[in-house]
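> Predicted model follows, preceded by the sequence.
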Amino acid sequence: MTVIRVLLIPPSAAESGSDTACRLSVIRESVLSLWMAQHYPQSSITAVSNSSSQREFILARAQERGLTNLSVITAD
């Protein structure tokens, strides 16, 4: 089994210029983890994010898609 780790660090609203831009960044970064989990089903994908809302978003989408090889760790 291959283990793949992805570090997700979305910009803060202050860095991105707006709350909307920050939310779009969270979605874009999350899509990578979900895509990897779907396309590499024999691998274990671990995403590390500093955002608990991003973690919840990724896990909810993974559950909807039946992906069981994706985990998300929230840490600074």
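Here it is on my side, so go on. Note that this is a predicted model, so its numbers are computed, not measured.
> Neighbours of Glu56, how many?
13 (other Cβ atoms under 10 Å). C-beta coordinates here come from the backbone N, C-alpha and C atoms, glycine included.
> do Phe57 as well
19.
> Tell me which helix or strand it sits in.
Following DSSP states H and E, one finds Phe57 within helix 52-65.
> Quick one: list the elements packing against that helix.
Judged by 3 or more Cβ pairs under 8 Å, 6 or more residues apart in numbering; DSSP states H and E, helix 52-65 is in contact with helix 19-39, strand 44-49, strand 70-74.
> Worst mean pLDDT among these?
For the helices and strands packed on helix 52-65, mean pLDDT drops lowest on helix 19-39, to a mean of 69.
> residues in contact with the closest residue to Leu70 other than its chain neighbours?
Leaving aside its sequence neighbours, Leu70 sits nearest to Ala37 (Cβ to Cβ, 6 or more residues apart in numbering; 3.9 Å). By Cβ atoms under 8 Å, 6 or more residues apart in numbering, the contact list for Ala37 reads 43, 45, 62, 67, 69-70.
> For the residues you listed, which single residue is the most surrounded?
That'd be Ile45 among those, by other Cβ under 10 Å, with 26 neighbours.
> Ser43 and Asn50, how far apart?
Distance of Ser43 to Asn50, given as Cβ to Cβ, to the nearest Å: 23 Å.
> Please apply the same query to Ala37.
20 Å.
> what sits up against stretch 58-73?
Under Cβ under 8 Å, 6+ apart, the answer for stretch 58-73 is 30, 33-34, 36-38, 40-49, 54-55.
> May I see the ChimeraX selection of the buried members of those residues?
With 16 or more other Cβ atoms under 10 Å as the burial test, the buried ones among the contacts of stretch 58-73 are selected in ChimeraX as follows:
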select :30,33,34,36,37,45,46,47,48,49,54,55
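> ok so, going back, quick one, the helix holding Phe57 and strand 44-49 angle?
Inter-element angle recorded for helix 52-65 and strand 44-49: 150 degrees (by axes from the mean of the first three to the mean of the last three Cα atoms, to 10 degrees).
> mean confidence for helix 52-65?
On average, helix 52-65 scores 91.
> and it, C-alpha only, in CSV?
Output of helix 52-65 as CSV, limited to C-alpha atoms (Å, rounded to 0.1, in the frame of the first residue of the first chain):
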residue,chain,number,x,y,z
SER,A,52,-11.3,22.2,11.1
SER,A,53,-14.0,23.4,8.6
GLN,A,54,-11.9,22.2,5.7
ARG,A,55,-11.5,18.9,7.5
GLU,A,56,-15.2,18.5,7.9
PHE,A,57,-15.8,19.5,4.2
ILE,A,58,-13.3,16.9,3.0
LEU,A,59,-14.6,14.1,5.2
ALA,A,60,-18.2,14.8,4.2
ARG,A,61,-17.4,14.7,0.5
ALA,A,62,-15.4,11.5,1.0
GLN,A,63,-18.3,9.8,2.8
GLU,A,64,-20.7,10.9,0.0
ARG,A,65,-18.3,9.3,-2.6
